[in-house]
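Chemist: show me how the following folds:
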Amino acid sequence: MDTVAFIATESGDDLIVSFAVQDLEDPSEIESLILLRTPKYESILDENERGVSVSFERYADEEDDYLKAVEYLEAESTVRVRTLSHEYELDVRKVDAKELKKMRQILRKMNYDQKFQTSGV
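Modeler: Next up, the predicted model:
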């Protein structure tokens, strides 16, 4: 399980949830796990390119990956993110309650068309 130091969100033309994941070898270093959706421009994309793209600095050399499911387990302070290629289990105990609330709001906006599965969001 990866530990998240904080979550940054954005809600404009781009909908972004960015998890600041502590590096496994050096907890003072941060790797970004970014969920990004741009609904404004999706109509010009092919169907298979629509949805929430997911990138993680740990896997910077990999091709585009897309969100399949996200689960927020509030009692366990855990977020599970499943993509086409990876599964991430994130410990969000260090994250401020306001950041978690905003994360949930943005995830709901990202899923306006039910493109991915959600639980606890």
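Chemist: grab the nearest non-local neighbour of the residue nearest in space to the middle of the chain.
Modeler: Centre of the chain computed as the mean C-alpha position; nearest residue by C-alpha atoms, centre = their mean is L35, 3.9 Å away. In space, and not counting its chain neighbours, L35 is closest to V17: 4.5 Å by C-beta to C-beta, 6 or more residues apart in numbering. For every residue, glycine as well, the C-beta is placed using N, CA and C.
Chemist: contacting residues for that neighbour?
Modeler: I7, A8, T9, I34, L35, M103, I106, L107, M110 (C-beta atoms under 8 Å, 6 or more residues apart in numbering).
Chemist: and the helix or strand where it lies, what's its mean pLDDT?
Modeler: Using DSSP states H and E, the element containing V17 is strand 15-22. In this model, strand 15-22 carries a mean pLDDT of 96.
Chemist: re the thing from before, wait, a strand at the residue nearest to the centre of the chain?
Modeler: Yes: L35 forms part of a strand when assessed by DSSP: H, G, I helix; E, B strand; the rest coil.
Chemist: against A5, how distant is the nearest residue to D23 once chain neighbours are set aside?
Modeler: Closest residue in space to D23, ignoring its immediate chain neighbours: E29 at 3.8 Å, by C-beta to C-beta, 6+ apart. In this view, E29 and A5 are 10 Å apart by C-beta to C-beta, to the nearest Å.
Chemist: mind listing what the nearest residue to S119 once chain neighbours are set aside touches?
Modeler: Spatially, and ignoring its direct neighbours in sequence, S119 is nearest to E71 (4.2 Å; C-beta to C-beta, 6+ apart). By C-beta under 8 Å, 6+ apart, E71 lies in contact with V79, R80, T118, S119, G120, V121.
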